[in-house]
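Chemist: predicted model and sequence below, questions to follow.
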Amino acid sequence: MFRVNIAEAKARFSEILERAQLGESIEICKRNQPLAILGPVAKQGKRVFGQHAGMIHECKGAWGPMADEELREWEPD
């Protein structure tokens with residue numbers, strides 16, 4: 001892991017970001033004490049259409065009319 005103090009990180013920010021993008025972890029320190037770790041963002045996989053098919057079910061009667069009592073709860077005072 002590459003260690004760098006804040007002042008040096010400011011001066012070499014573009015270079016440090018490039019190293020992180022290439023997969024390296026950079027430890028940013030304040031007075032040689034670890035403060036934060038900068039690392040690469042994990043790449044997200046492709047979204048697959050229909051990957052959750054069959055996993056979501058609607059409740060029976062979800063699209064039916066509401067009872068009068070339920071309708072009153074939705075009305076503003």
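Modeler: Received the coordinates, thanks. Residues are numbered from 1 along each chain as shown.

Chemist: not counting the helix or strand of the chain with the lowest mean pLDDT itself, show me its contacts.
Modeler: Every helix and strand of the chain was ranked by mean pLDDT, DSSP states H and E. The lowest is helix 68-74, at a mean of 89. Under the contact criterion C-beta atoms under 8 Å, 6 or more residues apart in numbering, helix 68-74 has outside partners Met66. Glycine gets a C-beta too; all of them are placed from N, C-alpha and C.

Chemist: quick one: buried residues of it?
Modeler: For helix 68-74, a neighbour-count test (16 or more other C-beta atoms under 10 Å) marks nothing as buried.

Chemist: so how far is it off the chain centroid?
Modeler: 37 Å (C-alpha atoms, centre = their mean, to the nearest Å).

Chemist: which helices and strands does the helix or strand containing Arg19 pack with?
Modeler: In the assignment (DSSP states H and E), Arg19 maps to helix 13-21. Judged by 3 or more C-beta pairs under 8 Å, 6 or more residues apart in numbering; DSSP states H and E, helix 13-21 is in contact with strand 2-5, strand 26-30, strand 33-38.
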